[in-house]
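Enquirer: got a structure for you, letters missing:
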């Protein structure tokens, strides 16, 4: 789950990490008051979407009057911002962050991720900030430091010193960073983050470190520990069918093709998509209906798949392991009757009681093409989708 | 021979009296697995599926001397259950549960490594040695004792690989699901090492998927250390970047972890690539048939 910058900054502030004085507004009229509350004569207004590259797309602006903040909010709220990280439709701007303007001496980069190779929380820092870090990594790797945090002993001061040295900090800044480093780790661990990025981390005109951006992703597996963070979820930033699927505890990702897929197991779901492509077709989605595949889950899965107007055929691929295929077949029949499926459905049942399952499909009276091997089922689906 | 489990393995089931543990333990016992008992705190002294229930792993170890733990507890309690099994020095710990927080796994993995124990999973189907022991949730009936070792990050994809190798008559020495999480207890490399040493295994099927670099790391290892033929299928060739494909670990992040990269790296190491999911068995046949 991703957070907006304003939510990230709120959490940064709670963990005593330096962020600008800021307010968030959800309608344009609040903007003037927000500027007055923050004070000063210069502000930065930032459109809030779950995507990077906002500055270049016009979603960030330096302003010198509260009226300009209102105009900016009017211009963007409810509109879609398109950046190099979004799709062609862009992302809905649901809020505007207004903050005091920071005078910048130097831009740096800092992030923390779960690194799968070292199996630890890893900090990545660079003296080159405000730019694409992957480019820095490939062109000037000496300007980047990777620091792994031992999961059992935690962050150590020498590690903060090592990062400070690569960032080129003076002694006062290094002292400030040492405290920030501990707080970043605390924030990461206490709230179960999967990614934290400050790009840029800046040195302001007073020589102090300051977090100008705040990007936070949360570990979905750990959300049960953080009900207050769950409330920060912004469904407008996600594909509507994906949010709908999440409500039913179904794992769904929408794709560009026209063959809807319903599969048990994430690996097999990917394998099914690949098989469709192998035969020249294009999958409309990834959908893992889960190991149990009950009638209710199958019904919900059909509804979500069919909400995509591009879908011309649905391929159901079930490898009945522990679950009996006859029960799944009954679920499919009931779901098709319940949902009112108006495109051809191809079903492949394999494993436990597969023959009985196919018989149930054949006797049901619903129009289903039942095949017991994946090759024929995938080929048939591709033909029907043409 | 086989790897990790056989008919001598003494299995302790943690979370024994829960519904999932009950369903799968029943099937494991029916398959012939030597389940010696289970743990459910508060239910010690009772019996379940005709096996003794203990309040703690330590109690169970004293009474039954298990050498493998099979964990079915809900995700919020997995860290505790794995560390409890580790505290009793159980050498093989298998965690089936999906949805364990990643930060819990960082701590667990580090501790398991320090103690020199072995963890399989979480978020995995478990391990089976056909006709001997089934420690997990895979359907026993599709397996056949034989000569192909199977390692996979996915449950149902493992079953596809199993079925294809059974249908062609090769059968399996052992099958291990290492799980679909970003921080798995054991890696492809750990299992490749065991299969390479196992006399019964003639070829190894490695089923990978997008995300991370476990397959690339395995490719390097295979090149230098594995003398047996390795056949591989990588799922997610049509997966978009930046989207988690069901498994927590199956995500192409920052352009890294694509199926294409993994396949080319494996090919460079001499691994035989199954051109599609349908070709796993046929590729095995081409190599050792």
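Expert: Yep, that arrived. All of these numbers come straight from a predicted model, not from anything done at the bench. Residues are numbered from 1 along each chain as shown, chains lettered A, B, ... in the order given.
Enquirer: Packing partners of the helix or strand that contains residue A:201?
Expert: Per DSSP states H and E: residue A:201 is located in strand A:193-204. Contact partners of strand A:193-204 among helices and strands, from 3 or more Cβ pairs under 8 Å, 6 or more residues apart in numbering or on different chains; DSSP states H and E: strand A:104-115, helix A:171-190, strand A:209-211, strand A:215-218. No exception for glycine: its C-beta is placed from N, CA and C like everyone else's.
Enquirer: From the contact counts, what lies against the third one?
Expert: Counting contacts by 3+ Cβ pairs under 8 Å, 6+ apart, strand A:209-211 is packed against helix A:171-190, strand A:193-204.
Enquirer: avg pLDDT for the strand holding residue A:201?
Expert: Per-residue pLDDT over strand A:193-204 has a mean of 96.
Enquirer: just stretch A:342-358 next, same as before
Expert: Stretch A:342-358 comes out at a mean pLDDT of 89.
Enquirer: buried ones in it?
Expert: Neighbour-count burial for stretch A:342-358 flags A:343-354, A:357-358 (criterion: 16 or more other Cβ atoms under 10 Å in any protein chain shown).
Enquirer: Backbone dihedrals for the one residue in chain B that gets nearest to chain A, please?
Expert: Closest approach between chain B and chain A, counting by Cβ to the nearest Cβ: residue B:154, at 2.2 Å. Dihedral pair for residue B:154: phi -130, psi 150, per degrees, to the nearest 10.
Enquirer: got the buried residues for the lowest-mean-pLDDT helix or strand in chain A?
Expert: Of all helical and strand segments in chain A, the minimum by mean pLDDT, DSSP states H and E falls on helix A:133-139, at a mean of 81. By neighbour count with 16+ other Cβ under 10 Å, helix A:133-139 contains the buried residues A:133, A:136-137.
Enquirer: how about the helices in the stretch 1-150 of chain A?
Expert: A:5-14, A:29-38, A:66-76, A:133-139 (DSSP state H, counting those that start in this stretch).
Enquirer: Using JSON lines, lay out these together with distance to residue B:254.
Expert: What follows is the helices of the stretch 1-150 of chain A, written out as JSON lines (distance: least, Cβ to Cβ, whole Å):
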{"stretch": "helix A:5-14", "distance to residue B:254": "19"}
{"stretch": "helix A:29-38", "distance to residue B:254": "35"}
{"stretch": "helix A:66-76", "distance to residue B:254": "28"}
{"stretch": "helix A:133-139", "distance to residue B:254": "6"}
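Enquirer: between those helices, which one is nearest to chain B?
Expert: The nearest among the helices of the stretch 1-150 of chain A, by Cβ to the nearest Cβ, is helix A:133-139 at 6.2 Å.
Enquirer: Identify the residues contacting the closest one?
Expert: A:109, A:111, A:124, A:126, A:128, A:143-144, A:199, B:254-255 (Cβ atoms under 8 Å, 6 or more residues apart in numbering or on different chains).
Enquirer: Now the stretch 1-150 of chain A against chain B: closest residue?
Expert: residue A:116 (4.5 Å).
Enquirer: so who does the closest residue to residue A:302 other than its chain neighbours touch?
Expert: Spatial nearest neighbour of residue A:302, excluding adjacent residues (Cβ to Cβ, 6 or more residues apart in numbering or on different chains): residue A:339 at 4.5 Å. Residue A:339 is in contact with A:299, A:302-303, A:306, counting by Cβ under 8 Å, 6+ apart.
Enquirer: which one of those has the most neighbours?
Expert: Each of the contacts of residue A:339 was scored for neighbours by other Cβ atoms under 10 Å in any protein chain shown, and residue A:302 scores highest at 24 neighbours.
Enquirer: what's the helix or strand hosting that residue packed up against?
Expert: Using DSSP H and E, residue A:302 sits in helix A:295-306. Judged by 3+ Cβ pairs under 8 Å, 6+ apart, helix A:295-306 is in contact with helix A:240-247, strand A:259-263, strand A:285-288, strand A:313-320, helix A:325-339.
Enquirer: Relative to residue B:126, which of the ones you listed is closest?
Expert: strand A:313-320 (16.0 Å; Cβ to Cβ).
Enquirer: Can you give me the neighbour number for the closest residue to chain B within chain A?
Expert: Taking Cβ to the nearest Cβ as the measure, chain A has residue A:267 as its residue closest to chain B, at 2.2 Å. Using other Cβ under 10 Å, residue A:267 has 31 other residues around it.
Enquirer: Might you list the low-confidence residue ranges for the chain?
Expert: Defaulting to chain A. A:291-293, A:322 (pLDDT under 70).
Enquirer: um, chain B though
Expert: For chain B (pLDDT under 70), the answer is none.
Enquirer: Helices of that one, start to end?
Expert: B:19-31, B:57-64, B:78-87, B:102-115, B:155-167, B:188-197, B:214-225, B:259-268, B:280-288 (DSSP state H).
Enquirer: Would you tell me whether the fourth one gets close to chain A?
Expert: Yes: part of helix B:102-115 sits close enough to chain A to count as contact by Cβ under 8 Å from any Cβ of the partner chain, namely B:102-104, B:106-107, B:109-111, B:114.
Enquirer: Now, of those residues, which are buried?
Expert: Among these, the ones that count as buried (16+ other Cβ under 10 Å) are B:102-104, B:106-107, B:109-111.
Enquirer: Nearest residue to residue 168 in space, please, no chain neighbours.
Expert: With no chain named, the answer covers chain A. Going by Cβ to Cβ, 6+ apart, residue A:168 has residue A:127 as its nearest residue, at 5.2 Å.
Enquirer: Please refer instead to chain B.
Expert: Residue B:168 sits nearest to residue B:281 (Cβ to Cβ, 6+ apart), 4.8 Å away.
Enquirer: How many neighbouring residues does the spatially closest residue to residue B:166 that is not a sequence neighbour have?
Expert: Sequence neighbours aside, residue B:144 is the residue nearest to residue B:166 in space, at 4.4 Å (criterion: Cβ to Cβ, 6+ apart). Around residue B:144 there are 17 other residues, counting by other Cβ under 10 Å.
Enquirer: was I right about residue B:144 contacting residue B:168?
Expert: No: checked against Cβ atoms under 8 Å, the pair residue B:144 and residue B:168 is beyond contact range at 10.0 Å.
Enquirer: Flag every residue of the stretch 101-250 of chain A that's near chain B.
Expert: A:114, A:116-117, A:119-121, A:134, A:150-152, A:189, A:192, A:194, A:219-222, A:224-225.
Enquirer: Of those, select the buried ones using a ChimeraX command.
Expert: Entered in ChimeraX, the line below selects the buried ones among those, by 16+ other Cβ under 10 Å:
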select /A:114,116,119,120,121,151,189,192,194,219,220,221,222,225
